[in-house]
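Engineer: what follows is a predicted protein model with its sequence.
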Amino acid sequence: MTKLKLGPLADDKPVKVTVDLPASLHRDLVAYAEVLERETGQPVPDATKLIAPMLERFMASDRGFAKMRRVGEATGRSFGDRLS
């Protein structure tokens, strides 16, 4: 069995964001969704639903980002409050 970084998707209230992906990245995303379906046995109705958990996993594993968040919390500075 292949060890993927993503598991089953959790339900959460979404915020709508529009993103343009290169065609090759979209193909890879669709392929990843197909592999995830086979590995978890759960259907992935839309490959774009994988983008949010992939970003979450990426940011959670980014040591520099985690350090800046910890420093911000310790100094009372809040990151992520600014909306574009």
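Structural biologist: Nice, I can see it. Numbers count the residues shown, from 1 in each chain.
Engineer: now the helix or strand bottoming out on mean pLDDT in the chain: buried residues?
Structural biologist: Least confident helix or strand, the chain: helix 63-75 with a mean of 81, by mean pLDDT, DSSP states H and E. For helix 63-75, the neighbour count (16 or more other CB atoms under 10 Å) marks residue 69 as buried. No exception for glycine: its C-beta is placed from N, CA and C like everyone else's.
Engineer: now that helix, how far from the chain's geometric center?
Structural biologist: A distance of 20 Å separates the centroid of the chain from that of helix 63-75, by CA atoms, centre = their mean, to the nearest Å.
Engineer: contacts for stretch 10-21, please.
Structural biologist: 29, 51, 52, 53 (CB atoms under 8 Å, 6 or more residues apart in numbering).
Engineer: repeat for stretch 28-35
Structural biologist: With CB under 8 Å, 6+ apart as the criterion, stretch 28-35 contacts 2, 4, 6, 21, 44, 47, 48, 50, 51.
Engineer: of those, which belong to helices?
Structural biologist: residue 51 (DSSP state H).
Engineer: can you tell me which of the contacts of stretch 28-35 lies nearest to residue 57?
Structural biologist: residue 6 (6.6 Å; CB to CB).
Engineer: just give me the neighbour total for the closest one.
Structural biologist: 17 (other CB atoms under 10 Å).
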